[in-house]
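In: no FASTA, just this:
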């Protein structure tokens, strides 16, 4: 580790919607969208399938009942760079690696997404250039465009001065991240040395939350607290079972929310694999899935995957550290501008941030080398943030 | 802890299908069912929605291709008590707390389930009576019957000599465990001092596993390794959000598979709750959900929930211990007869068992008081297994 950077705090999980992205959402009539209600001062940002029943409810009610507004207030935190810098200063964050928030460009058609991605990445480049050394970004790929457009986009963003990787959802080209057709994309990213920041959006089908959630009794706790991490876990497990990590050894992925639930379930995944008669026969036949050449999920966790530290508890953080095998594979993040404080000033300290900072300090000891690694050094090293 | 029991090994997660249950499955044409294929020596036990595509495939193929048989071989391990005792002796298990495996009686009609439950519980009582002191059981409730039948059944099983609790899936009365109509059942169980062993079966909708899983490329790893623990986590989180743990303070639940993913996600659940504007307003109104009287998910983990130790890794086991707050809340289990060894003799040692034993020994140190607590003492104390 470069001693000149000891003690720097880096936020690798921090989102922005550039103003032009907000404009796109304002013009939409299906989620994701931005909607104004007469009963609330801020417009509402409505992203999730689980929020649609509330959206319909609010429309039916003629916007009278503020207690049932869907989504979240669209404050300046989502699109203002000044606000991002203020947030960073308030929380003593030296460097942020910005990314477009979900659902990225998933809703755009094949011909739209290429130009929009270029424009969004240009907007992020321009933001970074305003604060050189303090801002970098994960680029957005036009995944709904033809494959050659996606590949060309990787070459393009790889050459952008402040780009250090790409943010990816779990859709891939429409059939998930275990889609064989996605392999050239993953290979191109690995070859370009671009880290993939894997982030959820779709969660799980609404049916699993049950009738009381559908009646909006639980806010959006279930889709966010459980759906998001479960989606990430499923996506990585599918990649693992498809042999993607074996096929692209140089693949490097940073998993949102400390890997979803991968650290906790890795042992069960490995055991189920070793006890599956179907996979055993496959392995005897092809040698691919489940065969002796297959690396274990622990190998993947130790060599190809990084975890963010956005897990809100010492229990989760310790499990993530233990699964990763080393404090050198975790990276602090805030998830700003999501989860603003509800009972204190949004311009002050955010509890969502202090929960994650406290988890690192409790698990590793405040100011220890390991804590410093998680809080910033790892990101600086892995994402080359000392190179301007 | 009673010193006379130090060092005893208790298996609290171990299933049986009594012969009459197998006969019911043989007579069925929809899952769960037992089906015989000409290409395989054992009949196949087919339980999961995720196994249906393979079942249809096998039927189309006229049973020729053994590599695509659905489900798992229905060996003697599922219904033979002698085989259970042999398994216990092989693995030095002193006491087993038997339970009917999933999906219990979920598929029976309202008038059938009462008599069948009585008969199944009688079969378990009779097994236990054949090996007094070595066998106890979690009873099966006729949850598809009218509520008064369910309540009467609780009084009935509570009086059975070897019954120490009930095994429960996540369906409840058909609308999940957060259904207000289920509260009288949970209250009756708590009042009778019967521990609820919460066990998954339905996993997640097939769509989340993607097209390659549908093409049977991954065996049943995804539904078992991820679907099962995610279902448990969702069920407990729904109960928690509905205020069930507050409403029934005497409720005691033992969660299968170390709580699914609850230990890892507890911090995120709590944070999402504290950052949900909708719940905040609810709390200000009713004081129920999210209000100051609500206990935290950590309180539930420390006071009302036990976790089994069926997690197959030291990482997971340590996280479960950490979340539970004490080694006094975890209980060893095997999940026998599921996950038999594929490459060694089924009559010998099972790797699925040794993985879980190794996890306890690595996390707590072999032979330590804490390890002994998890391996048996906790179950003896909590489930009163010293009382014959």
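Out: Sure, I can see it. Everything numeric here is computed off the predicted structure, so don't read it as measured data.
In: what bits of chain A have low per-residue confidence?
Out: Along chain A, the parts satisfying pLDDT under 70 run over A:1-6, A:62-67, A:283-293.
In: look up how far chain B lies from the closest residue to residue A:125 other than its chain neighbours.
Out: Leaving aside its sequence neighbours, residue A:125 sits nearest to residue A:160 (Cβ to Cβ, 6 or more residues apart in numbering or on different chains; 5.3 Å). To be clear about C-beta, it is placed using only N, CA and C from the backbone, and glycine gets the same treatment. The spacing between residue A:160 and chain B, counted by Cβ to the nearest Cβ, to the nearest Å, is 32 Å.
In: strands of chain A, start to end?
Out: Secondary structure of chain A by DSSP state E: the strands cover A:10-16, A:33-35, A:44-46, A:72-73, A:95-100, A:135-140, A:163-168, A:195-198, A:253-255, A:305-308, A:330-331.
In: and residue A:345, how many neighbours?
Out: Using other Cβ atoms under 10 Å in any protein chain shown, residue A:345 has 9 neighbouring residues.
In: how about residue A:148?
Out: By the criterion of other Cβ under 10 Å, residue A:148 has 9 neighbours.
In: now residue A:365
Out: When neighbours are counted by other Cβ under 10 Å, residue A:365 registers 11.
In: that one touches residue A:373, doesn't it?
Out: No: at 11.9 Å, residue A:365 does not count as touching residue A:373 under the criterion of Cβ atoms under 8 Å.
In: which of the strands of chain A sits most buried?
Out: Most buried of these by mean neighbour count (mean count of other Cβ atoms under 10 Å in any protein chain shown) is strand A:330-331; its value is a mean of 29.
In: how far off centre is it?
Out: 13 Å (Cα atoms, centre = their mean, to the nearest Å).
In: residues contacting stretch A:20-34, please?
Out: Residues from elsewhere that reach stretch A:20-34, judged by Cβ atoms under 8 Å, 6 or more residues apart in numbering or on different chains: A:17, A:43-49, A:51-52, A:55, A:74, A:78-79, A:100, A:103, A:107, A:116, A:119-120, A:123.
In: wait, I meant stretch A:173-180
Out: For stretch A:173-180, contacts defined as Cβ under 8 Å, 6+ apart pick out A:143-144, A:147, A:150, A:168, A:170, A:172, A:181-182, A:185, A:198, A:235-236, A:238-239, A:241-242, A:244, B:210-212.
In: which among those residues end up buried?
Out: Burial by neighbour count, 16 or more other Cβ atoms under 10 Å in any protein chain shown: within these this picks out A:143-144, A:150, A:168, A:170, A:172, A:182, A:185, A:198, A:235-236, A:238-239, A:241-242, A:244, B:210, B:212.
In: state the distance from residue A:196 to chain B.
Out: Where chain B is concerned, residue A:196 sits at a distance of 18 Å (Cβ to the nearest Cβ).
In: likewise for residue A:15?
Out: To chain B, residue A:15 is 15 Å away according to Cβ to the nearest Cβ.
In: need the contact list for that residue.
Out: Going by Cβ under 8 Å, 6+ apart, residue A:15 touches A:78, A:98, A:99, A:100, A:101, A:335, A:336, A:337, A:338.
In: turn those into JSON lines, including distance to residue B:189.
Out: Shown next, in JSON lines, are those (distance: Cβ to Cβ, whole Å):
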{"residue": "A:78", "distance to residue B:189": "47"}
{"residue": "A:98", "distance to residue B:189": "51"}
{"residue": "A:99", "distance to residue B:189": "47"}
{"residue": "A:100", "distance to residue B:189": "49"}
{"residue": "A:101", "distance to residue B:189": "44"}
{"residue": "A:335", "distance to residue B:189": "39"}
{"residue": "A:336", "distance to residue B:189": "44"}
{"residue": "A:337", "distance to residue B:189": "44"}
{"residue": "A:338", "distance to residue B:189": "39"}
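In: of those, closest to residue B:9?
Out: Proximity of the contacts of residue A:15 to residue B:9 (Cβ to Cβ) peaks at residue A:335, which lies at 43.6 Å.
In: surely that closest one meets residue A:13?
Out: Yes: look at residue A:335 against residue A:13 with Cβ under 8 Å: they come within range, at 5.4 Å.
In: quickly list what's touching both of these two.
Out: By Cβ under 8 Å, 6+ apart, the residues touching both residue A:335 and residue A:13 are residue A:310.
In: just the closest residue of the stretch 51-200 of chain A to chain B, please.
Out: Nearest to chain B, among the residues of the stretch 51-200 of chain A, is residue A:176, at 4.3 Å (Cβ to the nearest Cβ).
In: whoops, the stretch 151-300 of chain A was the one
Out: Closest point on the stretch 151-300 of chain A to chain B, by Cβ to the nearest Cβ, is residue A:267, at 2.5 Å.
In: which residue is the nearest non-sequential neighbour of that residue?
Out: Among residues not flanking residue A:267 along the chain, residue B:313 sits closest, at 2.5 Å (Cβ to Cβ, 6+ apart).
In: Provide a list of residues in contact with the one you found.
Out: So residue B:313 contacts A:266, A:267, A:268, A:270, B:355, B:359 (Cβ under 8 Å, 6+ apart).
In: swap in 7 Å and give it another go.
Out: Contact analysis of residue B:313 by Cβ atoms under 7 Å, 6 or more residues apart in numbering or on different chains lists A:266, A:267, B:359.
In: for residue A:164, state which of those residues is nearest.
Out: residue A:266 (26.8 Å).
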